[in-house]
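**Q** Pasting the sequence and the predicted model now:
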Number of protein chains: 2
Amino acid sequence: MDVSVIGGTGDEGFGLTLRLAKAGHHVTIGSRIAEKGSAVADTARELLGGEAHVDGATNQDAATAGVVVVTVPFAGQADIYRSIKDHVRTDAIVVDCTSPLATAVGGRAWQVVRPWHGSGAEQAKAILEQVHPVRLVAAFHTISGGSLQDLGTEMESDVLVCGSDTEAKSVVGGLIEDIPNLRWVDAGDLSQARIVEPLTALMISINRTYKIRDAAIRITGRDAWGRPG
Amino acid sequence: MDVSVIGGTGDEGFGLTLRLAKAGHHVTIGSRIAEKGSAVADTARELLGGEAHVDGATNQDAATAGVVVVTVPFAGQADIYRSIKDHVRTDAIVVDCTSPLATAVGGRAWQVVRPWHGSGAEQAKAILEQVHPVRLVAAFHTISGGSLQDLGTEMESDVLVCGSDTEAKSVVGGLIEDIPNLRWVDAGDLSQARIVEPLTALMISINRTYKIRDAAIRITGRDAWGRPG
């Protein structure tokens, strides 16, 4: 699948790039500066070996992919979406991964602020839909960039996926399942991102308390998750 | 340990009563009407067999226990705390389990409202501290009353515990560990309840989507949790 990761030069985005490229997807790393995206893409290919398809592009070019994953800090999220909104395809699936950590306003990483739209994902959707309707899904909030980048270690985590487009959630769920040992759980409609996004801060709080780096979540109550029904 | 469960006639409270009494604790079920508390205590003793120590009392009498667990719907939470605040001991540990589900204002159980104090637990603390400082801990938000009441089935869940009093968290953690297969994770200070309490709504959303009843959470990233350090 043709995936781009805007913010793919950051920890979370680079980790997702590695995992998705390792699973055989063609991943384009979006960056404000195309050369930076390309340089990080080179690093990804070196880490993954010759088979991997990773390249770099400007955020605007990356935004034309079929699946556009956005992993940027909340402080810059609105600006990034404004800068790509004219480039996102009408049939694209956008995966927003941002969490409104209070670091965006000089606060603590284990605290959050409340976005005007309810969640970062809803803010993203509101900006993109100034141009045309989009299929937007929120995911990957409870997975650390470190775990994703540590290719030698299997993930031990579930990904909570929020969105109002069931098909889009299944497509993103398929990408998640391409990463070994990662499962996806349908968390409900996009407004559930108001509950799920702050879990990044909770994971950071737990990491801080226990002096670890990779606290994550598993959902119990069912042997298999994925697409409901 | 001498534990009372205010709201012990409700699903969650009754489930906690059964599990804690089964573990050997003396549990007092608090109710607005003492007779109702006593009747439900009779039922608990019948279910548990002759050894169990469960009795009923008014909320005010129950509030004098060493550990006071409060499991009431958010709509009535403030009133309940106002009604017991003069009865809580200065050395007591209060365990608040309420989640601000939108059902409190006629909304959906998979949605939440935002309490003025940030979380239900902080609201509880503010009311109790009109009288004297209290050791308040927030816990048990992601565990269903059904699972707790189903004594034949082991819990498959972690309990996220929030609070600013480390010793109080450990005492409550000890109670949690007395329930087979239940672990506790220190989620941080009491304000983390702003993130943890809405997880009740997230579990309800997942239950609804997958047509199950007992979605719950495990935290990964460490083999053992409990008291940090």
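**A** Nice, I can see it.

**Q** quick one: the residue minimising distance to the centre of chain A and chain B, what's the gap?
**A** Closest to where the C-alpha atoms of chain A average out (Cα atoms, centre = their mean) is A:C97, at 3.6 Å. Per Cβ to the nearest Cβ, to the nearest Å, A:C97 is found 17 Å from chain B. No exception for glycine: its C-beta is placed from N, CA and C like everyone else's.

**Q** ok, now A:A102?
**A** Counting by Cβ to the nearest Cβ, the gap from A:A102 to chain B is 11 Å.

**Q** List the residues that contact the nearest residue to that residue once chain neighbours are set aside.
**A** Leaving aside its chain neighbours, A:A102 sits nearest to A:Q111 (3.9 Å; criterion: Cβ to Cβ, 6 or more residues apart in numbering or on different chains). Applying Cβ atoms under 8 Å, 6 or more residues apart in numbering or on different chains, we find A:Q111 in contact with A:101-102, A:201, B:191.

**Q** Pick the one among these closest to B:I33.
**A** Of all the contacts of A:Q111, B:I33 sits closest to B:S191, with 34.7 Å by Cβ to Cβ.

**Q** Grab the nearest non-local neighbour of that closest one.
**A** B:G118 (6.0 Å).

**Q** what do you get for A:D178?
**A** Nearest residue to A:D178, sequence neighbours excluded (Cβ to Cβ, 6+ apart): A:A23, at 3.8 Å.

**Q** could you pull out the strands for chain A?
**A** A:2-6, A:26-31, A:54-58, A:67-70, A:93-96, A:135-138, A:157-163, A:182-188, A:216-220 (DSSP state E).

**Q** could you give the angle of the helix ranked longest in chain A to strand A:54-58?
**A** Longest helix in chain A, counting residues (DSSP state H): helix A:34-48. Taking axes from the mean of the first three to the mean of the last three Cα atoms, to 10 degrees, helix A:34-48 and strand A:54-58 form an angle of 170 degrees between their directions.

**Q** Now do the buried residues in helix A:34-48.
**A** A:34, A:36-38, A:40-41, A:43-45, A:47-48 (16 or more other Cβ atoms under 10 Å in any protein chain shown).

**Q** Could you do stretch A:132-144 as well?
**A** So stretch A:132-144, judged by 16+ other Cβ under 10 Å, has buried residues A:134-144.

**Q** Could you dump those into CSV and include pLDDT?
**A** What follows is the buried residues of stretch A:132-144, written out as CSV (pLDDT from 0 to 100):
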residue, pLDDT
A:V134, 97
A:R135, 98
A:L136, 98
A:V137, 98
A:A138, 98
A:A139, 98
A:F140, 98
A:H141, 98
A:T142, 97
A:I143, 95
A:S144, 94
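
**Q** List just the nearest of these to chain B.
**A** The nearest member of the buried residues of stretch A:132-144 to chain B, counting by Cβ to the nearest Cβ, is A:S144 at 8.4 Å.

**Q** who's in contact with the closest one?
**A** Contact analysis of A:S144 by Cβ under 8 Å, 6+ apart lists A:11-12, A:15, A:203, A:207, A:213-216.

**Q** can you do 6 Å?
**A** A:S144 makes contact with A:D214 under the criterion Cβ atoms under 6 Å, 6 or more residues apart in numbering or on different chains.

**Q** Would you list the phi and psi of it?
**A** phi -80, psi 150 (degrees, to the nearest 10).

**Q** The one 10 residues further on too?
**A** When quoted as degrees, to the nearest 10, the phi and psi of A:E154 stand at phi -70, psi 140.

**Q** For the nearest residue to it once chain neighbours are set aside, grab the count of nearby residues.
**A** Nearest non-adjacent residue to A:E154, counting by Cβ to Cβ, 6+ apart: A:N181, 4.2 Å away. A:N181: 10 surrounding residues under other Cβ atoms under 10 Å in any protein chain shown.

**Q** same question, A:P180
**A** Other residues close to A:P180 by other Cβ under 10 Å number 10.

**Q** got a list of what it touches?
**A** A:E154.

**Q** 8 Å instead, please
**A** A:P180 makes contacts with A:154-155, as judged by Cβ under 8 Å, 6+ apart.

**Q** What's the separation between it and chain B?
**A** As judged by Cβ to the nearest Cβ, A:P180 and chain B stand 15 Å apart.

**Q** go on, A:V68?
**A** In this view, A:V68 and chain B are 25 Å apart by Cβ to the nearest Cβ.

**Q** Can you tell me the closest non-neighbouring residue to that residue?
**A** Residue nearest to A:V68 in three dimensions, not counting chain neighbours: A:V94, with 4.9 Å by Cβ to Cβ, 6+ apart.

**Q** Double-check that neighbour against A:P133; I have them as touching.
**A** No: contact criterion Cβ atoms under 8 Å: A:V94 and A:P133 do not qualify, at 11.1 Å.

**Q** how long is stretch A:149-167 end to end?
**A** End-to-end distance of stretch A:149-167 (Cα to Cα, to the nearest Å): 28 Å.

**Q** actually stretch A:97-107, not the one I wrote
**A** For stretch A:97-107, the first-to-last residue distance is 20 Å (Cα to Cα).

**Q** again with stretch A:193-203
**A** 15 Å.

**Q** ditto for stretch A:154-170
**A** 22 Å.

**Q** try stretch A:90-106
**A** End residues of stretch A:90-106 are separated by 36 Å (Cα to Cα).

**Q** Around A:A109, how many other residues sit close by?
**A** Using other Cβ under 10 Å, A:A109 is surrounded by 16 other residues.

**Q** whoops, I mixed them up, A:V161
**A** 27.

**Q** From chain B, how far off is it?
**A** Using Cβ to the nearest Cβ, A:V161 is found at 10 Å from chain B.

**Q** pLDDT score for that residue?
**A** The model reports A:V161 with a pLDDT of 98.

**Q** Skipping its backbone neighbours, what lies nearest it in space?
**A** Nearest non-adjacent residue to A:V161, counting by Cβ to Cβ, 6+ apart: A:A139, 4.7 Å away.

**Q** ditto for A:E122
**A** A:L190 (6.1 Å).

**Q** And for A:V171?
**A** A:I93 (5.6 Å).

**Q** Pretty sure that neighbour sits against A:K169.
**A** No: the criterion here is Cβ under 8 Å, and A:I93 misses it with A:K169 at 9.1 Å.

**Q** Run through the bridge partners of A:V159.
**A** A:W184 (DSSP bridges).

**Q** So A:D61 sits against A:G30, correct?
**A** Yes: taking contacts as Cβ under 8 Å, A:D61 lies within contact range of A:G30: 7.3 Å.
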